[in-house]
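Peer 1: Below is the sequence, then the predicted model.
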Amino acid sequence: MGAGDYRAPLDGVTRYTSWEKVPGDWHTRTQLGRMDPPRKPAPGAVPRGQVLYHGNSYAPLYALDDTVAKRPVSDAQRAALDQARELRRVCRLCGGCDLDEYGDPVPLGRGRVCTRCWVVQGAYREHLEARDAARRLHERMAAGTAVVLAVDAASVRDVADLTRIHRVVMVGRGLHVDVPVAAPGDGAPAAGALAPVEAFAEITRRLQDSPDIWPDGLAIICWADADRVRRRLTNLLREAAPATAPPVWLADSSWYELCAYYVHWFAEPDAAIVGYRPDWRASPTGMHGAAGQRARAAEAALEAIVTDHPGAVSPRAPWVTHPAALADTDTQEAP
């Protein structure tokens, strides 16, 4: 029995702990309703007693003389009641049902919305939240307080490989930095590659010389693995010059992963999951190329999220395949 089913004992009336002791003409509301014809307490009637039932709850008892016959239900009223009972099992948005383990429709909760519509509405809210978060980053890009960063690096096999970064690309408002790096232990650096200290100094100089960029307190946007990229850059400098302090753009920036916004905005369902979860493998075209290409692809992805054209999301996005779920105006929001 749930807490909402508990009925406290009444004051000033006789309490019975056994049905055998209850007077024969005293009845509970449930018992009155089952009589033929059904009865109910008369207006102003008060319980004569109460009986213990279902654990520690007490049901009020009414004398038969204090009751009146219920008004009979017409066929039309009964049909309306039956229809209302059936409608409790039908989603008001899509007309679908939730089924029990035997495949039978079950009553829906408040609002009469089925599970599928609830899931679709949740996915759409995540889509809107991701779009709004991306718009805040886009505003910072326009203001010169955010940049997109991508690196070319060796795959991680051991701790030493954490520092094997070969190229750093950074793009922002009026800014395009592309610096090849001669990583420690790199036997064949690219032509024109700079040692780590010089490479970091060049990036810092380009940021400081850019009239459109505020290098202090930057938001640095990576497509993915932002913490790992930051750690690699820090380790690269630490290994090359242990006494050199990291530049302010590396030490004091806020780092963001654009893929976390993109996958919820794009809403490609993960086919391996029953129900819905966005596929974290989804990515825009160009996100698997070299650093320069990935930086441009990340910029384009940010622009797509911000623009939020309906046709740009996955054709299998939940609200695309089940649009009835958004008939509830509470889930709608102007782009």
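Peer 2: On my side now, so go ahead. Residues are numbered from 1 along each chain as shown.
Peer 1: show me where pLDDT drops low in this structure?
Peer 2: Residue ranges of the chain with pLDDT under 70: 1-8, 77, 80, 82-84, 87, 155-163, 185-189, 329-335.
Peer 1: Which elements pack onto the longest helix seen in the chain?
Peer 2: Counting residues, the longest helix found in the chain (DSSP state H) is helix 115-143. Other helices and strands packing on helix 115-143, by 3 or more CB pairs under 8 Å, 6 or more residues apart in numbering; DSSP states H and E, are strand 146-153, strand 219-222, helix 258-266, helix 291-307, helix 318-321. C-beta: built from backbone N, CA, C; applies to glycine.
Peer 1: Okay, and the closest residue to residue 259 other than its chain neighbours sits in which element?
Peer 2: Distances taken as CB to CB, 6 or more residues apart in numbering put residue 224 closest to residue 259, at 4.5 Å, once the chain neighbours are dropped. Element membership of residue 224 [criterion: DSSP states H and E] is none; it lies in no helix or strand.
Peer 1: Confirm for me that residue 224 is in contact with residue 256.
Peer 2: No. Under the criterion of CB atoms under 8 Å, residue 224 makes no contact with residue 256, lying 10.6 Å away.
Peer 1: So between those two, which is more surrounded?
Peer 2: Legend: neighbour count by other CB atoms under 10 Å for residue 224 and residue 256, higher for residue 256 (20 against 17).
Peer 1: distance of the more buried one from residue 304?
Peer 2: Residue 256 sits 16 Å away from residue 304, going by CB to CB, to the nearest Å.
Peer 1: residues contacting the most centrally placed residue in the chain?
Peer 2: Closest residue to the average C-alpha location of the chain: residue 126 at 4.7 Å, with CA atoms, centre = their mean. Shown in contact with residue 126 (CB atoms under 8 Å, 6 or more residues apart in numbering): 264, 267, 278.
Peer 1: of those residues, buried ones?
Peer 2: Buried residues within these, counting neighbours by 16 or more other CB atoms under 10 Å: 264, 267, 278.
Peer 1: TSV for those residues, including distance to residue 29?
Peer 2: Formatted as TSV, the buried ones among the contacts of residue 126 follow (distance: CB to CB, whole Å):
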residue	distance to residue 29
264	50
267	50
278	50
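Peer 1: between those residues, which is closest to residue 321?
Peer 2: The closest of the buried ones among the contacts of residue 126 to residue 321 turns out to be residue 267 (CB to CB; 10.2 Å).
Peer 1: What's the local residue count around the nearest residue to that closest one once chain neighbours are set aside?
Peer 2: Leaving out its chain neighbours, the residue that sits closest to residue 267 by CB to CB, 6+ apart is residue 317, at 3.8 Å. Per other CB under 10 Å, the neighbour tally for residue 317 reads 21.
Peer 1: For residue 262, see how far away residue 317 is.
Peer 2: 13 Å.
Peer 1: what's the answer for residue 215, then?
Peer 2: Distance of residue 215 to residue 262, given as CB to CB: 26 Å.
Peer 1: Same check on residue 172?
Peer 2: Going from residue 172 to residue 262 by CB to CB gives 19 Å.
Peer 1: Same check on residue 75?
Peer 2: 58 Å.
Peer 1: which stretches of the protein form strands?
Peer 2: 14-16, 26-27, 39-41, 49-53, 57-63, 67-69, 146-153, 165-172, 175-180, 219-222, 254-257 (DSSP state E).
Peer 1: The third one packs against which elements?
Peer 2: Right, strand 39-41. helix 29-33, strand 67-69.
Peer 1: distance between that strand and the chain's centre?
Peer 2: 49 Å (CA atoms, centre = their mean, to the nearest Å).
Peer 1: what about the closest residue to residue 320 other than its chain neighbours, how many residues close to it?
Peer 2: Nearest in space to residue 320, with sequence neighbours left out and distances taken as CB to CB, 6+ apart, is residue 313 at 6.8 Å. Neighbours of residue 313 under the rule other CB under 10 Å: 19.
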